[in-house]
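Engineer: Everything below, folded, please.
(2 chains)
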Amino acid sequence: MQRTNATTRTVPRCPGRTLSRRDFLKYTAATAGLTLGATAPPALPGEALAQRPPRAPTALGLCQRYEYAEVRRVLGRMLDELGDVRRLVKNRHVTLKLNLVNTSEEDLSGLPVWLTVTVHPVVALALGSLLADYGARQIVFCDQLPFRALDAQAFAGYGFQRADFDQATQGRARFENTRNRGRHKDYALVKVPGAPELASSWEVNRTYVDTDVLVSLAKLKSHVSGGITGGMKNLFGVPPSSLYGDDLEDRPDENASGYRSNTMHACSRLPLTSVPSFTGKSVPGDHGYNVPRFIVDLNAAFPVHLVVIDGISTIQTAEGWWLGSMVSVTRPGLLLAGRNAVCTDAVAAAVMGFDPDAADRTWPFANGTNHLALARRKNLGENRLAHIEVTGLDLESARFQFQPTFRRNAA
Amino acid sequence: MPIPTNELTGTRVWHTAGGDNFRRGSSAVAVAAPIAGPPRHRLPAQGAVQAAVVFDETGNAFVADLAGAVQAFTAAGQLRWRVQLEGGISATPAVHPAEPWLLVGTHAGWVYALDTGTGTTRWRTAIPTTSDPRILSDLLCLPQANLVVLSSWGGKFHALDCRTGQTRTTWDAGFSPQAAAAADARGTIYCLRAVAKRGVEFVRVTSSGEATVLHTRPEGPRGARRTLVAAAPVLDETRGVAYLVMNADKDALLQAWSFASGQMIWSRSFDCAIHATPAVRRTGELVVADLAGTVHCLRPDDGSTRGRYVSGCEYLLAGAVSEQGGTAYVADPLGQLHAVDEQGAGKILFAAERSLQARPSFNPDGNLYVPASNRTVYVFVPAPHPG
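Structural biologist: Reported below is the predicted structural model:
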């Protein structure tokens, strides 16, 4: 991201690179000829990259309870350990992508979503309060949610109460449901830089673009197709239902609220973006091939400046109740934070007892590609523990093994 | 059909999760004083410990952890041996009561028989599956038939020959099986399972594999696929009753099923689900830890509440255990160990820095072993620590 002097800034900047329609058509012409449904995976660039993958420290902290003061104290210490978060957000417009899910009306055997599947509102509240104290100009809490409301009302079912956030952030909080273009007059078309895997660009709500700082506030979870959920996988919620949703027919629909299973998991249909935006290199039906590649394409297009992961109370084996009774509750009692999403998620995988550089189709990436290793090869960040600095709690003390990711087929 | 009775109302040597094959979680060891903190020993593990500690007759403790290590410690806390197995372990192993064999199941789908004296592998076998191989159910050892019983996510319960690892019989375990089986004194097996279109079933299985459904709670609107079946059936042989946790979508029934009549005696509803296996006190009273964080002390005659203790944790995952004097001990995911008396009054005895998600157990001296997620097993003794 291009950095500018905060004191002279008035207009937030896109963290990735936006395209004009003309730019985009020029770009896609260069990649023409690729067909949807190709089965052969593309050759990866050689391991020896001229440029070392970027890396940044990851901070770990013990936190057993969702008590505001305690979460804020631990998180504040961790952000200070990262060194430059205050400078990162001072006088900036911050967009905070929450890790919620496509309904707030479910539970896991009666346990609410925030203890199991989604980011707990107390963690978001504490982080918002800290960012406000650090001088953030505005803090936009967002995710796409399947409700008509596009403001704070849409977040209430996940435990997010507008009044609490107003108080904690000194009135600088705003909520945006990004399931469509929302309050913006158009979408942002963002190119995936370099050599994209499955998406050459993303067409999204401008909330993710009209910002200085993008924060991914994720839940520490297993994920059947992605191996783990973390700061990177959280961006799966960025492409809006209005263009990518399963409930679309043959045209975009601002009222759509469906999940992106057909477009971004099974890849059985294309999104209804204004221009062709997928490369055609997906493998229909193979979630373990497609999902990790979309994760990498999203993170290439929307560089995350800060990841915070809620690992206090969560679930293991899979990512949500929709996978049935295979999911079980567990309580690592941890918070994680880092300035590079690949590094942070790699540490998260290690905390969960897994090798973040594990071979494809081995645990935790039992059903597909290791997106952390793929991200390193794309030069998005470092996933090898030996090259990542961990601050605060040491990794061995933090380690809290999860039961392994569900394996769809026997090894 | 009467169940054979046992003169003991608790277990001296805890060979399995919950003590013995009845899974009551009740110690038969009379001690002079209640358990007190701080812990006398801290046994180091290689990973988070979410399986209960089991023991042999001499008091050697066997600790299995999520890093796949199994360790044996003397009663004094000295490490005797350590072995590394293939796959993490969260299912509580079982010690053969008559042979020096420790039986262990792993997330990688392996079942091991280890020599309790040396840790040497006597045999190992992989449970067949077309999908996920993990073993989550606490193991059950039937010494009369020389069987070890467990389930895997292949969807079956397996009864293996303890001596060889050969499969003797299998039966349906339902969706995502994690609940342990229990057995009566004759070696008849009882288990719970969630089955599509039917619900949660209470099943009796003979050692030859003949399965009979004794009772069913129909599935809720979300279906059996989403029904939590984690608690083992608990057999109170003294009273001829099996206690069953029958969850539905987000609530639970605790049901008392009579072996004599083959009928339900009573049914008690909870407005939240239950993950933990209940405990039965020496008096027959039940101690039930629920997913709302409450410990219920229930009368055995009708399931009515005698006392209730709020742990302060949002949910409880591990079952309680009870000492001979009646005090129950419950560990919570905030890391707290609670003592709850027969009236339901409780207090926090100890707080670990990481979560407690496994059922505690007693060694033959009445010491309480509490597994923790910070790679530690805490050992508490039944008298104030002199230090």
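Engineer: how about residue B:96, what does it touch?
Structural biologist: Applying Cβ atoms under 8 Å, 6 or more residues apart in numbering or on different chains to residue B:96 gives the contacts B:15, B:102-103, B:141, B:143, B:162. Using the backbone N, CA and C atoms, a C-beta is placed for each residue, glycine as well.
Engineer: Can you say which of the residues you listed are buried?
Structural biologist: B:15, B:102-103, B:141, B:162 (16 or more other Cβ atoms under 10 Å in any protein chain shown).
Engineer: Looking at the residues you listed, which two lie furthest apart in space?
Structural biologist: Across the buried ones among the contacts of residue B:96, the longest distance by Cβ to Cβ is 12.3 Å; it joins B:15 and B:162.
Engineer: Low-confidence ranges, chain B, go.
Structural biologist: B:1-9, B:384-387 (pLDDT under 70).
Engineer: Where does the stretch 151-300 of chain A get nearest to chain B, residue-wise?
Structural biologist: Scanning the stretch 151-300 of chain A for proximity to chain B using Cβ to the nearest Cβ identifies residue A:224 as nearest, at 10.1 Å.
Engineer: residues contacting that residue?
Structural biologist: With Cβ under 8 Å, 6+ apart, residue A:224 has these contacts: A:287, A:318-319, A:323, A:367, A:405-406, A:408.
Engineer: Keep only those of the residues you listed that are also close to chain B.
Structural biologist: A:406, A:408 (Cβ under 8 Å from any Cβ of the partner chain).
Engineer: And the furthest pair within the contacts of residue A:224?
Structural biologist: Within those, two members stand farthest from each other by Cβ to Cβ: A:319 and A:408, at 13.7 Å.
Engineer: Between these two, which is the more surrounded one?
Structural biologist: residue A:319 (24 against 15; other Cβ atoms under 10 Å in any protein chain shown).
Engineer: Against residue A:335, how distant is the more buried one?
Structural biologist: Per Cβ to Cβ, to the nearest Å, residue A:319 is found 19 Å from residue A:335.
Engineer: do residue B:353 as well
Structural biologist: Applying Cβ to Cβ, the value for residue B:353 to residue A:335 is 14 Å.
Engineer: can you check residue B:372 too?
Structural biologist: For residue B:372, the distance to residue A:335 equals 19 Å [Cβ to Cβ].
Engineer: what's the answer for residue B:202, then?
Structural biologist: Distance from residue B:202 to residue A:335, counting by Cβ to Cβ: 42 Å.
Engineer: and the two? which has more neighbours close in?
Structural biologist: A side-by-side neighbour count of residue B:202 and residue A:335, using other Cβ under 10 Å, places residue A:335 first with 27 against 21.
Engineer: contacting residues around that one?
Structural biologist: Counting by Cβ under 8 Å, 6+ apart, residue A:335 touches A:60-61, A:63, A:71, A:74-75, A:78, A:123, A:308-312.
Engineer: hang on, it in a strand?
Structural biologist: Yes - the assignment for residue A:335 is a strand, going by DSSP: H, G, I helix; E, B strand; the rest coil.
Engineer: Tell me the one among the contacts of residue A:224 nearest to residue B:46.
Structural biologist: When the contacts of residue A:224 are compared for distance to residue B:46 (Cβ to Cβ), residue A:405 wins out at 20.9 Å.
Engineer: quick one, helices of the stretch 201-350 of chain A?
Structural biologist: Shown for the stretch 201-350 of chain A, the helices assigned by DSSP state H, counting those that start in this stretch span residues A:241-244, A:261-264, A:287-301, A:341-351.
Engineer: Buried residues in the second one, which are they?
Structural biologist: Read it as helix A:261-264. In helix A:261-264, counting by 16+ other Cβ under 10 Å, buried: A:261-264.
Engineer: go on, stretch A:252-263?
Structural biologist: For stretch A:252-263, burial by neighbour count (16+ other Cβ under 10 Å) applies to A:252-253, A:256-263.
Engineer: And for it, what's in contact with it?
Structural biologist: A:102, A:145-148, A:179-181, A:236, A:239, A:241-248, A:268-272.
Engineer: try it again with 7 Å
Structural biologist: For stretch A:252-263, contacts defined as Cβ atoms under 7 Å, 6 or more residues apart in numbering or on different chains pick out A:102, A:146, A:179-181, A:239, A:241-248, A:268-272.
Engineer: Would you quantify the distance from residue B:170 to residue B:211?
Structural biologist: 10 Å.
Engineer: same thing with residue A:402?
Structural biologist: 33 Å.
Engineer: These two: which is more packed in?
Structural biologist: More neighbours surround residue A:402 than the other of residue A:402 and residue B:211, with 27 against 18 (other Cβ under 10 Å).
Engineer: Can you name the residues that contact that one?
Structural biologist: Contacts of residue A:402 (Cβ under 7 Å, 6+ apart): A:222, A:316, A:330, A:352-353.
Engineer: and what of residue A:301?
Structural biologist: Shown in contact with residue A:301 (Cβ under 7 Å, 6+ apart): A:16, A:190-192, A:202.
Engineer: List the ones among the residues you listed that fall in strands.
Structural biologist: In strands, defined here by DSSP state E, the members of those are A:190-191, A:202.
Engineer: Show me the one in those residues that has more neighbours than the rest.
Structural biologist: residue A:202 (31 neighbours).
Engineer: separation between that one and residue A:370?
Structural biologist: Counting by Cβ to Cβ, the gap from residue A:202 to residue A:370 is 22 Å.
Engineer: Now do the residue nearest the centre of chain A against residue A:375, distance only.
Structural biologist: Note on chain A: the residue nearest the mean C-alpha position is residue A:234, at 2.3 Å, using Cα atoms, centre = their mean. Remark: distance between residue A:234 and residue A:375 (Cβ to Cβ) = 14 Å.
Engineer: tell me which of the contacts of residue A:402 is nearest to residue B:259?
Structural biologist: residue A:330 (35.3 Å).
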